[in-house]
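Novice: Generate a structure from the sequence data that follows.
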Amino acid sequence: MSKILKKYCFALDLKEDEALIAEYILHHQNVWTEVLQSIYHAGIEQLEIYCVGNRLFMIMGVNENFTFEKKSISDAQSEIVQQWEQLMWNYQKPLPWAKAGEKWMLMEKIFDLNNCS
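Specialist: Alright, predicted model coming up:
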């Protein structure tokens, strides 16, 4: 395992339907092997998703091999990852300020307890 060099946080909404939210959670208890492999291969060492209501929050810890560009290219070339992403769109809805087709939105860190005096 490599050292986590940087953390990124993202937000996304789910459709406001309890049954769909339950299905989405179930899918994430059984993520497809190829999708997991693509995550590890990209240099993502840690990935957690949290849910409150229909709002999702994702924390991603990456190593020195990770770039958003390489991950995007790799995902676009993987038929299985594309199938997973298409399936997830059945449950997800973009945040109100997202651009067309934009899913997970990178959040800005505004506070860090470790930087307080």
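Novice: Per-residue pLDDT of residue 60, please?
Specialist: Note for residue 60: predicted pLDDT of 98.
Novice: In contact with residue 78, which residues?
Specialist: By Cβ atoms under 8 Å, 6 or more residues apart in numbering, the residues touching residue 78 are 34, 38. From N, CA and C alone the C-beta is placed, and that goes for glycine too.
Novice: any idea how far residue 38 is from it?
Specialist: Per Cβ to Cβ, to the nearest Å, residue 78 is found 6 Å from residue 38.
Novice: Who are the contact partners of residue 11?
Specialist: 55, 56, 57, 58, 95, 104, 105, 107.
Novice: Now with 7 Å, please.
Specialist: Contact analysis of residue 11 by Cβ atoms under 7 Å, 6 or more residues apart in numbering lists 55, 56, 57, 95, 105, 107.
Novice: wait, the last one sits on residue 9?
Specialist: Looking back up the chat, that one is residue 107. Yes: in this structure, residue 107 is within contact of residue 9 by Cβ atoms under 7 Å, at 4.4 Å.
Novice: Quick one: mean pLDDT over stretch 91-105.
Specialist: 93.
Novice: Just the residues contacting it, thanks.
Specialist: 10, 11, 12, 13, 14, 15, 20, 23, 24, 58.
Novice: any idea which helix or strand carries the fourth one?
Specialist: Secondary-structure element containing residue 13, defined by DSSP states H and E: strand 6-14.
Novice: taking the mean pLDDT, what do you get for the helix or strand following that strand?
Specialist: The C-terminal neighbour of strand 6-14 among helices and strands, as given by DSSP H and E, is helix 18-28. Average pLDDT, helix 18-28: 98.
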